[in-house]
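K.L.:
Quick one: sequence plus predicted model below, questions after.
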Amino acid sequence: MTTNPQAPFPRKGEIVTHDDAKAFGYCNAGLRKWFPREGVTFDDFRQQGVTTDWLRATNDAMASRLADAIEHQRAQQQEIA
């Protein structure tokens, strides 16, 4: 259950999923430790994802890099489509 249900909402920005974080090279052990500190459980992240805006709002450099990478990747995918 989310410890702070308002943390990743409203949903603005791209949704970043667990699969996105894994593909970027982030490990489950680190993600499990990081998410409870930021008010969203690891299970919430795995089930719902979080937004790029929410990741940036944490002021965490690794979270911001992930948000940037996902937005860049999705922009490239839209250019191809």
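P.N.:
Happy to help now that I have it. These figures come from a predicted structure and were not determined experimentally.
K.L.:
and Arg46, how many neighbours?
P.N.:
16 (other C-beta atoms under 10 Å). (C-beta placed from N, C-alpha, C; glycine too.)
K.L.:
So what's the model's average confidence on the helix or strand harbouring it?
P.N.:
Using DSSP states H and E, Arg46 sits in helix 42-48. Helix 42-48 shows a mean pLDDT of 94.
K.L.:
next helix or strand past it?
P.N.:
Helices and strands here follow DSSP H and E; after helix 42-48, the next one along the chain is strand 50-51.
K.L.:
Please enumerate residues in contact with the helix or strand containing Phe35?
P.N.:
Phe35 is located in helix 28-37, with elements delineated by DSSP H and E. Identification of contacts with helix 28-37 by C-beta atoms under 8 Å, 6 or more residues apart in numbering yields Thr3, His18, Ala21, Lys22, Thr41, Phe42, Asp44, Phe45, Asp60, Ala63.
K.L.:
Brilliant, that's me finished.
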